[in-house]
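# any chance you could fold what I've pasted below:
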Amino acid sequence: MAAVTEERPEGPAMELVHLLRAVTVEFDLLGAEFAARHGLHPTDLRALIHLLDAARAGETVTPGRLGAALRLNSAGTTGLVDRLERLGLVARTRDDRDRRRVLLTVDEKAVGLGWSFFGPLIGALVGTADDFDASELATVRRYLTAALAAAAAARESTD
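Residues are numbered from 1 along each chain as shown. This next block holds a predicted model:
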């Protein structure tokens, strides 16, 4: 059987890919440690992050939207939300405009737990960003936004 050879990129752009992967692995390890300390499943943490990001963007999240974002079926989503609600980390509320609709929000307890664990890292990252000028930050933002879009497209192509 002949060996398959591929053209593999090298150079500064590939160094960025490797650094981004290393940061992702470190964040994943920190997330796993946070989840383990608080009796959470990694999917629980992803759900909390999704809900926090949605709240920051002014978006409402229903169990259906959360399940779709995490690629969970209805039963898995119900189990996840039940677990987070039981732990006092998430609340279900009825939508004021449509009482049939249930909305999910992160409880202040979850925010406090997150800040107590991730706060020092966030502080260090913000402090590091303060060392960059506006142009440099714009470049980093542009690269990370493109990396996020590429990762999302790669995930969608696996469907």
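
# point out the other helices and strands that the helix or strand that contains residue 53 packs with.
Per DSSP states H and E, residue 53 falls inside helix 42-56. Applying 3 or more C-beta pairs under 8 Å, 6 or more residues apart in numbering; DSSP states H and E, we find helix 42-56 packed against helix 12-37, helix 63-70, helix 74-86, strand 90-94, strand 102-106, helix 108-129. Any C-beta I mention is one placed from the backbone N, CA and C, and that applies to glycine too.

# closest to residue 156 out of those?
Counting by C-beta to C-beta, residue 156 lies closest to helix 63-70 out of these; the figure is 12.4 Å.

# buried ones in that closest one?
Buried residues in helix 63-70, defined by neighbour count with 16 or more other C-beta atoms under 10 Å: 63, 65-67, 69.

# hmm, who's touching that helix?
Contacts with helix 63-70, where a contact means C-beta atoms under 8 Å, 6 or more residues apart in numbering, come from 43, 46-47, 50-51, 72-74, 76-78, 80-81, 92, 102, 104.

# let me know the closest of the residues you listed to residue 26.
residue 46 (16.5 Å).

# quick one: contacts for residue 52?
With C-beta under 8 Å, 6+ apart, residue 52 has these contacts: 106, 111, 114.
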